[in-house]
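K.L.:
Starting from these lines, generate the structure:
(one chain, ligands or ions: 1)
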Amino acid sequence: MTITHTAKKTLAAVAGIALAASLTACGGGGSDAASTGAAGTTGTTASGSASATAASTGGYNLVPKDTNGDGLITVGFAQVGAESGWRTANTQSYQDYFVAANGFKLAFADANQDADKQKQDVRDLIQQGVEVIDLAPVTDSGWEPVLQEAKDAGIPLIVSDRQLSVSDDLYLTYFGGNMEQEGKTAVKWLEDYIKANNVTDPINIVHLQGTIGSTAQKGRSKALTDAAPANKWNVVYEQTGEFTQAKGQEVMESFLQQGKDFNVIYSENDDMTYGAIEALKAAGKDPKSYIIISFDGNKSAVQMVIDGLIDVIAECNPLLGPQVGDLIKKSAAGDKIAKITYSVESFIDSTNAAEKIKTAFGS
Ligand code: AHR
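P.N.:
Numbers count the residues shown, from 1 in each chain. Have a look, this model is predicted:
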């Protein structure tokens with residue numbers, strides 16, 4: 001069963017307006033979460049006040065310092081890998097920002113999506129004597145010993161992009177997306193779409209998951225897993241595409257070969273979405289007859305929204321370098337910084353894609 005393209009496009013605007021209203025009402029983040037704008041400017045919290053500089057850092061005492069007196073702060077960046085367009089833009093934003101002109105040096109470690117290698121990467125950065133560590137974790141568990149080692153070495157550690165399941169006293173601050181909220185944004189868009197279109201056919205969903213055990217996967221998957229039974233949606237296939245285009249395509253090809261009917265694709269990043277669309281085309285299917293939900297907001301994906309191939313993208317902002325730099329400077333200056341700062345993120349659909357593409361990241 002597919003949902004007709006005409007119905008999708010006619011009623012998308014209605015769904016978009018309804019979601020915009022609901023996002024304004026719900027905001028994002030937890031009790032000590034502040035929000036920072038996607039373009040790098042300080043935004044507002046859920047309660048509408050300015051960025052929460054007075055929040056506690058959870059009993060963590062280390063602050064960034066120029067310990068070797070070279071006039072620069074050396075930041076060791078333990079990056080996930082290079083699996084996606086989002087990741088490329090994220091790395092670039094660190095490489096552009098953490099330069100001498102801004103008071104920084106960058107030491108870069110690429111984990112190649114390997115959670116064990118990344119733990120060794122952090123240990124290597126500790127050995128190198130970097131002055132701050134920024135960790136974008138591949139997965140969220142097993143970090144306590146390494147974080148304790150960084151703390152014992154007196155090196156402040158910032159978590160960015162994806163969160164960790166560790167106690168607050170093991171890191172200075174988290175800056176990045178609120179992954180579960182991103183998932184809720186996507187799910188809400190689908191609920192509104194179904195209502196606005198009076199869709200009565202069964203909703204059969206293909207779920208392409210990101211890297212299992214990353215908070216990007218856990219949060220986005222949880223939003224769907226929670227919403228599916230409540231809405232009587234069927235998740236007919238669910239498998240990781242590891243946040244890559246190649247794997248997304250391979251997994252979608254195997255679903256198509258297995259032959260179950262579906263009409264919605266919930267793909268946890270743009271790269272897997274590109275792969276899924278390629279697989280549909282190769283199988284002679286029209287991608288426009290499916291509701292395609294994606295995450296991130298790469299320029300090419302936003303163009304696909306304009307072209308009617310993707311229906312909605314829940315945004316995830318990769319341009320974190322300058323904002324992390326700001327937090328380091330504030331903390332070094334003795335200002336209290338929030339324990340958690342979530343990027344302000346929304347969604348992109350046919351109602352706003354033409355505007356959003358003007359500031360979209362990547363190519
Ligand atoms: O953690 C952010 C996620 O990681 C992005 O959605 C994805 O594209 C990347 O690989």
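K.L.:
interface residues of the stretch 1-150 of the chain facing the ligand?
P.N.:
Selection of the stretch 1-150 of the chain residues close to the ligand by Cβ under 6 Å from any ligand atom yields 83-84, 86-87. C-beta: built from backbone N, CA, C; applies to glycine.
K.L.:
ok, now with 8 Å
P.N.:
By Cβ under 8 Å from any ligand atom, the part of the stretch 1-150 of the chain that sits against the ligand consists of 80-81, 83-87, 90, 136.
K.L.:
Please tell me how far the residue nearest to Lys330 when sequence neighbours are not counted sits from Val63.
P.N.:
Among residues not flanking Lys330 along the chain, Ile337 sits closest, at 5.4 Å (Cβ to Cβ, 6 or more residues apart in numbering). Distance, Ile337 to Val63, by Cβ to Cβ, to the nearest Å: 9 Å.
K.L.:
what sits in contact with each of the two?
P.N.:
172, 331 (Cβ atoms under 8 Å, 6 or more residues apart in numbering).
K.L.:
and those two? which has more neighbours close in?
P.N.:
Relative neighbour count places Ile337 above the other of Ile337 and Val63, with 24 against 17, counting by other Cβ atoms under 10 Å.
K.L.:
element containing the more buried one?
P.N.:
Take DSSP states H and E as the rule and Ile337 turns out to sit in neither a helix nor a strand.
K.L.:
could you list every residue that touches Glu345?
P.N.:
The contact partners of Glu345, taken as Cβ under 8 Å, 6+ apart, are 28, 38, 177-178, 181-182, 185, 314-317.
K.L.:
Show me how the protein divides into domains.
P.N.:
For the chain, the structural domains run 5-24+180-317+348-356, 31-178+318-344, going by automatic domain parsing.
K.L.:
Including distance to Ser363 and mean pLDDT, could those go into CSV?
P.N.:
Listed next are those as CSV, based on distance: least, Cβ to Cβ, whole Å; pLDDT from 0 to 100:
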stretch, distance to Ser363, mean pLDDT
domain 5-24+180-317+348-356, 6, 91
domain 31-178+318-344, 7, 87
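K.L.:
Make a markdown table out of those domains and add distance to Gly362.
P.N.:
Converted to a markdown table, the domains of the chain look like this (distance: least, Cβ to Cβ, whole Å):
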| stretch | distance to Gly362 |
| --- | --- |
| domain 5-24+180-317+348-356 | 4 |
| domain 31-178+318-344 | 5 |
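K.L.:
can you pull out the helices in the stretch 251-363 of the chain?
P.N.:
Remark: helices assigned in the stretch 251-363 of the chain by DSSP state H, counting those that start in this stretch are 270-282, 299-306, 321-332, 353-356.
K.L.:
Just put these in CSV and tack on distance to Ala216 and mean neighbour count.
P.N.:
Shown next, in CSV, are these (distance: least, Cβ to Cβ, whole Å; neighbours: other Cβ atoms under 10 Å):
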stretch, distance to Ala216, mean neighbour count
helix 270-282, 12, 23
helix 299-306, 16, 21
helix 321-332, 17, 21
helix 353-356, 20, 16
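K.L.:
Any buried residues in stretch 304-314, and which?
P.N.:
304-305, 308-314 (16 or more other Cβ atoms under 10 Å).
K.L.:
For the ligand, state which of these is nearest.
P.N.:
Set against the ligand, the nearest of these by Cβ to the nearest ligand atom is Ala314 (9.3 Å).
K.L.:
now what about stretch 210-220, what contacts it?
P.N.:
By Cβ under 8 Å, 6+ apart, stretch 210-220 touches 80, 83, 113, 115, 137-141, 161-164, 177-183, 186, 209, 240-243, 268-269, 272, 295, 314, 316.
K.L.:
May I have it exported as CSV, CA atoms only?
P.N.:
Output of stretch 210-220 as CSV, limited to C-alpha atoms (Å, rounded to 0.1, in the frame of the first residue of the first chain):
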residue,chain,number,x,y,z
GLY,A,210,21.7,4.7,13.1
THR,A,211,24.7,3.2,14.9
ILE,A,212,23.3,1.0,17.6
GLY,A,213,24.2,2.3,21.0
SER,A,214,24.7,5.9,20.0
THR,A,215,22.4,8.4,21.6
ALA,A,216,21.5,9.6,18.1
GLN,A,217,20.1,6.2,17.4
LYS,A,218,18.7,5.5,20.9
GLY,A,219,16.8,8.8,21.1
ARG,A,220,15.4,8.8,17.5
